[in-house]
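**Q** Predicted model follows, preceded by the sequence.
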Amino acid sequence: MSSVPLSAFLVTALLLFCMGLYGALTKRNAVIVLISIELMLNAVNLNLVAFAKYGVGASIRGQVFSLFTITVAAAEAAVGLAILIALYRNRATVNVDEMNTLKK
Amino acid sequence: MNDSFLLTILILSPLLGIVLLSIMPGDHRFINYMGVLGTVLPLGLTLIVFSLFDRSLSGVQFKEYHQWFELMTSISPNEPYTVAYDLGVTGLSVLFLMLASLITFLASLTALRIKESAKGFYILFLLLEVGILGVFASENLFLFFLFFEITLVSMFLLVGKWGGFNREKAAFSFLIYNGIGSILLLIVIIVLFVEMRTTNITELTMLLKDTDSLEFLSGSTRTWLFVLLLIAFGIKLPIVPFHTWMVRVHVEAPIAVVMIHAGVLLKIGAYGLIRFGVGFFPEQLKEMAVALAILGVINLLYGAFIALVQTELRSVLAYSSISHMGIVLLGVASFNTAGLQGAVFQTISHGLIAALLFLLVGVLINRFQTTKLEELGGVASQTPLFAGFLLAAGLASLGLPGMSGFISEFLAFLGLFEAMPVIGAVGVLGLILTAVYMLRAVLAVTFGERRTLFDNNRDLTAVELVPSAILLSIIIWIGVYPQVLSNTLQLARTLGIGG
Amino acid sequence: MDYVFLIPMLPLLSFLIILFTRPIYKKAGIVGTLFTGAAFLCSLIVLFSHFAEGNYIVEANWFSLDTVIITVGLEVNPLNALMLVIVTLVSFLVHIYSMGYMANDERYATFFSYLGLFTFSMTGLVLSPNLLQLYMFWELVGVCSFLLVGFYFYKPEAKAAAKKAFIMTRIGDIGLLVAIFLLFWQTGSFELDVIFEAAQAGDIAPSLITLIAILIFVGAVGKSGQFPLHTWLPDAMEGPTPVSALIHAATMVAAGVYLVAVTYPLFSVSEVAMTTVAVTGGFTAIFAATIALVQTDIKRILAYSTVSQLGYMMLALGAAGYTAGVFHLTTHAFFKALLFLAAGSVIHAVHEQNIFKMGGLSKKLPITATLFLIASLSISGFPLLAGFFSKDEILATTYGDGRYVLFAIGLITAFLTAFYMFRLYFLVFSGNSSTEARESPSVMLIPMMVLGALAIVGGYIQTNWFGTFLGDWLETTPYSITFVHHEAPFWLPILASVLSIGGIALAWMMYVRKTTSIKESNERTGLHELLYRKYYVDELYQVVFVKGSRVIAYFWMYVDRFIIEGGAAVITGAVKRFGQAGVKLQSGQVQTYGTVAFSGLVLVLLLIAVLGGYF
């Protein structure tokens, strides 16, 4: 199996994370923010899996971690979307910059 | 007397009232009476302590000592810092305990008028009493500080919720000024604790007197500690210019709370200054005696002059308190037996007189709904008993012989004239001014043409007459036979100083 | 003499009984009179046993200060015993008189309780063997005076007068207080005996003694209404007239003279202090007499006369005339108390105090008029009456002491006194009357008659003809004071009599015969206005002290309000600003927070990388 070098995985994950971070910090639509957070999580997953395969002390643990992350991410998405829907019903908007009622 | 739990019981006794009050429904008819009953138990216990206190012995009595917790430090792992639960009374503190529980009891009687959420009021009131009793019964700086903070919190709530029109502002300035005072006090306590490895007051007094202790605390450090202590208790006393909070509290707080505030809480400042300032740092005090005396004269004259032009009785009395506390400073600054004794006497005497005056102000508010001097006048024709008491209290305050104010001022100035005759000569002018502003205020209320605005007003009722009569008779008793205070005080033994 | 303690205790009991039974018991007057009468009897017995047994002192521990034990006690010596008799006698007579005068007052009982308290304080003052106790009673009599001046509390004038009386005397008291402090630190005691021994032994520096003596004199000036603290005494006439007789004529105001007499061993050491006393006394005497010339209120004339006579006593003491001062104090107590009681009787009858609105009352009030005449003659120094002898004694002393200017002032004052007293007498009693008036009840007249008798014969206890009983007795003190006696020049009594009669004659010509060209018109000009306005001293004090202290007070109040509170406000304001700046950072925008947090992380990582040397 011609091996793809570890650095390729890491660069991909880095790009993915940066895209996610950019999206999470700049997009106004809360749905897109959530999706961007998923992107960042997946970048982390990719790192975990890559190190589990090619890392110094390669072992199955990294893959187990990523499974946990996927589970938590699913739960987070569910809760996040639920809050979003509740908010949308109340405020008729999904813009994050309008969600600042706690400040006042 | 090491096994006695009397002081613990005394300090915690108001809690019984708090528990009983909290299980009563808030709209119960007798809720106020329950609150009053809550202060009777501490009064009774204090009377027991007062009568059991052995006046022929020196030193601390009714000692209680339990190790509380230890602090390990990385600097000296084998010698942990020990904090103890450490109670005890000296001749000085037993007098203040007596003053505190007596005035709390009498003040609770005047609070019978409170209708709005009386339950909460009395609960906080009794909590305040726990704090005050604890402050005077602590033999330990740590405990002292703890109880001191309890008084702050409960006082803040009492002023903020049941006060007058500007109560919130008054409560906040009370909290901020006293908070700053507590921080400074805390710094002193921590430095002493770290350097001397103990927070026991008597032990500290002995240790600091020992010249060997100079290797732990150098002279300059002590000077700083003394200055911090002076500011901390100076805010409480109060010393000009840290006094504005106290005027606000005097004017805004409910009468029962002002009685305690003027009668007891301000006295914590004097107590702290005498017990810790004089006890721990006598050398520093001697060095700064002149500055202290000048501060005292400023307090005395400043308060008196401003009281001269106030148009509201409560403000007059507030500034009069500032003026009278100046005499305490003068007594302390003179640093001889006469002066220090005068300072203690003045503290106690002013506590009683201020409580009496504010009790009567409470009656005034109840009957006439005002304390503005120009709206009052000629009340002697309708309420002669009230007018008589007000006049007597005013005369006591201006230092009439035969009442407690005279002997206090006399001793304080006697001491001052030995140490600093020139400052004393300036200070005695304050006594003239005291007469001027006190008579102006009291006569504006009682004498003069009767205002038809206030017709059909009842004279003192029994519940007002009894506390007034108790306070006035104690004031006269001390004035006629001051030995009753000095017997208990045993000042030289308590502080370990000689004339 | 172990029952001496009864003398102050009986009036105190009277005070307490009346105070506590006031609402239920209506016989306050009888109670007060009986107790005071008993005190008077005790004083008489004490006086006579003093002749037999000599001085007496009893002391008890009161208070300990370090090793110094402060005592309270009772002392009887000639001066005390004499004062005791005067005080209790006048008090007793005033009690009787008041039962008539105050009969219709609704605060009848309160009045008698105050009288009891006053008598207690005054006898306590007189019996004090140490300065601290003396000072305590000194203040107490001041308070009683204050309470009684303000007895008609609903009158604004009474309120102002009471306040003024208290504050003016308080100013003097502070002088006395400072003197006591200084003496204590010099001698370690408040006991008069110890202090005098130290002073005579020269343990106190002479300049300090002078200072102390002058400070004590300041106290006396306040109490005895001497210049410049005299203005309260005429105003104190707002009180009920019996009070004016008791407190503001016979006893309390004489306490200043008594104080100087008691501390005489201190004064006698310092020549400067003696001169101060003499000059102040002499100046006050003529100063007050000139004011009395033109006043129109019957009680105020008598008040200025009191000030003037007290000045006379001070003059005597300052001129080394210990006996003369005390002698005049005694006779003055009798005739001045009588004058006030008689004036009270007039006021009681006509309800008027302006002498120009009275007249011809001698027909309506024959007994009062006769008694008033006796007292007026006595105070004017009419030959062979009490005032004649005591005034002569003072003049002789002043002359003998070589103070010729003061002697001249004394002579002029004697002439003025005779004139203003008879101006008063003629305006009130002579001529024709239209007003309705009825003679006072006998309960008021009898005490006046007793005083009238004493105003006639009181002088014979000290005369050059029958013997100087009073002087010989008073001068039996253990201290080495050199009592100087100057034989009066033969022409002095004659000169004094001529001046006295001359004053009376002038008044008679002006106000009865109206033959002189000098007339008192309603439009006052020049000197007359100046005198009528009492040399504008009140106005001056009003501007300088009252306004002055208010200016200082307002200054400090604005400092308080703007600088101190303002300073605190600046600090709290700054803290608030700082907080508000922080609030701006908290925008509520999650994404901003995220950006800041992320940039922070990057910065920290960079820092670690750079500082850790990973680059």
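**A** Yes, it's here. None of these values were measured; they are calculated from a predicted model.
**Q** all helices of the stretch 301-450 of chain C, in order?
**A** C:322-350, C:361-364, C:366-379, C:386-400, C:404-429, C:442-457 (DSSP state H, counting those that start in this stretch).
**Q** Please tabulate those in CSV and include distance to C:Leu266 as additional columns.
**A** All C-beta atoms are positioned from the backbone trio N, CA, C, and that covers glycine. Listed next are those as CSV, based on distance: least, CB to CB, whole Å:
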stretch, distance to C:Leu266
helix C:322-350, 13
helix C:361-364, 48
helix C:366-379, 31
helix C:386-400, 19
helix C:404-429, 21
helix C:442-457, 32
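**Q** Could you confirm whether the helix or strand harbouring C:Ala199 reaches chain B?
**A** Using DSSP states H and E, C:Ala199 maps to helix C:192-200. No. Helix C:192-200 lies out of reach of chain B by CB under 8 Å from any CB of the partner chain, never closer than 15.0 Å.
**Q** Which neighbouring elements make contact with that helix?
**A** Packing partners of helix C:192-200 (3 or more CB pairs under 8 Å, 6 or more residues apart in numbering or on different chains; DSSP states H and E): helix C:156-187, helix C:264-267.
**Q** Helix or strand next in line after it, which one?
**A** Next along from helix C:192-200, by DSSP H and E: helix C:206-223.
**Q** ok so, going back, of the helices and strands packed on helix C:192-200, flag the one that's most buried.
**A** Ranked by mean neighbour count under mean count of other CB atoms under 10 Å in any protein chain shown, these are led by helix C:264-267, which reaches a mean of 24.
**Q** Now that one: average pLDDT?
**A** Taken as a whole, helix C:264-267 has a mean pLDDT of 87.
**Q** what does stretch B:375-382 give?
**A** Mean predicted lDDT for stretch B:375-382 stands at 80.
**Q** which outside residues touch it?
**A** B:313, B:364, B:368, B:370, B:386-388, B:444-451, B:453-455, B:457, B:459, C:153-154 (CB atoms under 8 Å, 6 or more residues apart in numbering or on different chains).
**Q** Now do the closest residue to C:Gly37 other than its chain neighbours against chain B, distance only.
**A** With sequence-adjacent residues excluded and distances taken as CB to CB, 6 or more residues apart in numbering or on different chains, C:Gly37 is closest to C:Phe92, at 5.2 Å. Here the criterion is CB to the nearest CB, to the nearest Å. By it, C:Phe92 lies 24 Å from chain B.
**Q** Quick check: what element follows the helix or strand that C:Phe92 is a member of along the chain?
**A** Following DSSP H and E, one finds C:Phe92 within helix C:78-101. With elements assigned by DSSP H and E, the helix or strand that comes after helix C:78-101 is helix C:108-127.
**Q** where are the low-confidence patches of chain A?
**A** A:1-2, A:102-104 (pLDDT under 70).
**Q** what about the closest residue to chain C within the stretch 301-450 of chain B, how many neighbours?
**A** Chain C sits closest to B:Pro401 of the stretch 301-450 of chain B, with a gap of 3.5 Å, by CB to the nearest CB. B:Pro401: 22 surrounding residues under other CB atoms under 10 Å in any protein chain shown.
**Q** Check what pLDDT the spatially closest residue to it that is not a sequence neighbour gets.
**A** Excluding its sequence neighbours, the residue lying closest to B:Pro401 (CB to CB, 6+ apart) is C:Met136, at 3.5 Å. Predicted confidence (pLDDT) for C:Met136: 92.
**Q** check contacts around A:Gly80.
**A** Counting by CB under 8 Å, 6+ apart, A:Gly80 makes contact with A:Leu34, A:Ile37.
**Q** Quickly find the element holding it.
**A** Using DSSP H and E, the element containing A:Gly80 is helix A:61-91.
**Q** Same question for C:Leu607.
**A** helix C:590-611.
**Q** For the residue of the stretch 301-450 of chain B closest to chain C, give me phi and psi.
**A** The phi/psi pair for B:Pro401 (degrees, to the nearest 10) reads phi -60, psi 150.
**Q** What is the neighbour count of residue 19?
**A** Went with chain A since none was named. Neighbours of A:Met19 under the rule other CB under 10 Å: 14.
**Q** Actually, chain B is the one I wanted.
**A** Counted with other CB under 10 Å, B:Val19 comes out at 13.
**Q** I'd like the distance between C:Val350 and C:Lys357.
**A** For C:Val350, the distance to C:Lys357 equals 8 Å [CB to CB, to the nearest Å].
**Q** List, one by one, the residues from chain C near chain A.
**A** Selection of chain C residues close to chain A by CB under 8 Å from any CB yields C:Gln586, C:Ser587, C:Gly588, C:Gln589, C:Val590, C:Gln591, C:Gly594, C:Thr595, C:Phe598.
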